[in-house]
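Novice: Take a look and give me a structure for this.
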Amino acid sequence: MSSPLDVIASITYQLKGLRNKIWGKSHYEGMAQKNTVNKIIDQIQGLVLNINETNNELNKAKDTIKTLELASISKKKREDIAQCFIEKIGVVNALIKSIDTIYKNVTGMNSEAYVYGSFVRQLFEFNVQNDKDIGYGNPINHDIDMTIFSTQEAFLNSGEVFTKIISFLTGLAMVITENGKFNGYTLIAVKNVTVGNTTTQTMRQRIEMIPHYHLYLQKGDKLIKIDMLAYPPAPSDDVLWPNGDFDINSLKLSKYGIQTMHHSINILDVLYNIVNKQAICRIEFDKLLTPVHSNHVTFDQKSGAMLQLMFFLTNRLKIMEVGYKNIYSSTVIPEFYIEKEENCHITQEAPPYINIKLECGHNLSISALTGIATFKMSNYTEAMNCPLCNERIIPKLIEKKILPIEFPIEIQRESPKLPDYEKENIMSDDVRKNVKKCLRNQQSQYVPQNGANIPVPIVINNIVNYDNDETESDDDVDETVNHDD
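Specialist: Numbering: from 1, shown residues only. You can find the predicted model right below:
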């Protein structure tokens, strides 16, 4: 169907044709007709001008309405985020006070319990976020990471305290009473997710054998998960990622204030990086990937190193999705880019996904590289070779360089609280799911540890997960130590 303007344009064209025909008649015979046609044409052109002006005014009105709607959504978004912070801080405060009471009754001293990770970082992000920020400064749908002791030595010296704390919390969860409420949230479950000895070099090596629990607190249809470790993993030659992942995730919050978890990190530098949405990677990839350079190590050793890299790209690089577009490194970092248009030529998975650049000059998708690293092609060789040229697979490392990231198109994401919540992904959900599944299958199962095994056969059903990850599988363990984003 033609628009009104198209119809008017057609009539005007026909009238102009009629006027040209009239020019061929005698002066007196055609003058009146010419004047009549010219008047009609002028009136129609004036009508078109009025319609265009009306459309311009209408478009301006639509833009104004859209601006007001966005302002209203932004205000609602900030109100929801602020309320989430208020409730979570209240829960943390009440929980630490309860832990303090038990700790003091047993030892006569105050506890060292603190919160760390993305939640503390988001407290600062919230104050400098703007309407265009997506996920930045937003604690909704994130759990809270917590530890009770500052070191393994402190835990070993007072290990019975941790057992009493878990026993107390488990008792509250089994019998729902007012005593089990923390800032209006009821403790409904305590789940032991301690990791036993692992057989492969993945992120779990950092937290294996450390008592580890998930606490679930509910208020109405909201659920908060506390991811509690007895103590943080200590840096050592035997522990991978000894310094954590990024400097911006090194903040901790306790009753004594906000500090960094590592003395080598300047808190002012961290705050500067948060404000400028940049992060410094603290992983020493040159050391981490040493096995892939050698001809004298087994396939499993190479696989362990490569799976570490895949874990980093899948689970830790998510900070790019909340605004941290520039990634620095104190040493070197793998070179990669985000493919947004073509399917992977090996796995045929659709974009977006991460492509890793190799020393041989080829690029492999994260899914393809994960598959190669987890499947040994032959028992007669320990090699891990590029499928395109048969050279050794060695990720290309870049020295101290900002990695400019171009984000893929926006993808609508569902959120229980914010219907307008969107996030620009660095990889599709299918790619992330497949890589995580592959990483997970390489790991041992959870086992009880250190006498703190208190099984809680509670199944949480029919609850809108307001503050939890999508799964409660071993992905939750991976998210804990290096602070999920």
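
Novice: Okay, now the unreliable bits of the stretch 1-150 of the chain?
Specialist: Filtered on pLDDT under 70, the stretch 1-150 of the chain yields the residue ranges 1-34, 36-37, 61-76, 131-134.

Novice: is it true that Ala154 touches Met109?
Specialist: No: with contacts counted by C-beta atoms under 8 Å, Ala154 stays clear of Met109, the gap being 10.3 Å. From N, CA and C alone the C-beta is placed, and that goes for glycine too.

Novice: now the helices for the stretch 251-400 of the chain?
Specialist: Defined through DSSP state H, counting those that start in this stretch, the helices belonging to the stretch 251-400 of the chain, from first to last, are 267-275, 285-288, 299-311, 366-374.

Novice: pLDDT (mean, whole number) over the second one?
Specialist: For helix 285-288, the mean per-residue pLDDT is 87.

Novice: For Tyr324, give me phi and psi.
Specialist: Main-chain dihedrals, Tyr324, degrees, to the nearest 10: phi -80, psi 90.

Novice: Provide a list of residues in contact with Leu309.
Specialist: By C-beta atoms under 8 Å, 6 or more residues apart in numbering, the contact list for Leu309 reads Phe285, Leu288, Leu289, Pro334, Ile356, Pro395.

Novice: How many residues are close by the residue lying closest to the third one once chain neighbours are set aside?
Specialist: The reference is to Leu289. Leaving aside its sequence neighbours, Leu289 sits nearest to Ala305 (C-beta to C-beta, 6 or more residues apart in numbering; 5.2 Å). Counted with other C-beta atoms under 10 Å, the neighbours of Ala305 add up to 22.

Novice: Could you do Asn130 as well?
Specialist: 8.

Novice: separation between it and Lys77?
Specialist: When distance is defined by C-beta to C-beta, to the nearest Å, Asn130 is 11 Å away from Lys77.

Novice: who's the residue lying closest to Pro334 once chain neighbours are set aside bridged to?
Specialist: In space, Pro334 comes closest to Pro395 once its chain neighbours are excluded; the distance is 4.7 Å by C-beta to C-beta, 6+ apart. Here Pro395 sits in beta bridges with Leu358, as judged by DSSP bridges.

Novice: shouldn't Pro395 be in contact with Leu358?
Specialist: Yes: with contact defined as C-beta under 8 Å, Pro395 and Leu358 form a contacting pair (6.2 Å).

Novice: Would you agree Val91 falls within a helix?
Specialist: Yes: residue state for Val91 (DSSP: H, G, I helix; E, B strand; the rest coil) corresponds to a helix.

Novice: what residues are up against Val332?
Specialist: Each residue near Val332 by C-beta under 8 Å, 6+ apart is listed here: Phe285, Asp286, Leu397, Ile398, Glu399, Lys400.

Novice: Let me have those residues in TSV, adding neighbour count and distance to Ser98 as columns.
Specialist: Supplementary listing: those in TSV, determined by neighbours: other C-beta atoms under 10 Å; distance: C-beta to C-beta, whole Å:
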residue	neighbour count	distance to Ser98
Phe285	20	41
Asp286	14	45
Leu397	17	47
Ile398	15	47
Glu399	9	48
Lys400	11	45
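
Novice: Show me which of these is closest to Leu439.
Specialist: Using C-beta to C-beta, Phe285 is the member of these that lies nearest Leu439, at 17.4 Å.

Novice: show me the contacts for that closest one.
Specialist: Phe285 makes contact with Leu309, Ser329, Thr331, Val332, Ile333, Pro334, Pro395, Leu397, according to C-beta under 8 Å, 6+ apart.

Novice: would you turn the residues you listed into CSV with pLDDT and distance to Thr298?
Specialist: CSV is the format used below for these (pLDDT from 0 to 100; distance: C-beta to C-beta, whole Å):
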residue, pLDDT, distance to Thr298
Leu309, 89, 18
Ser329, 86, 28
Thr331, 83, 26
Val332, 87, 24
Ile333, 89, 26
Pro334, 91, 22
Pro395, 94, 19
Leu397, 92, 22
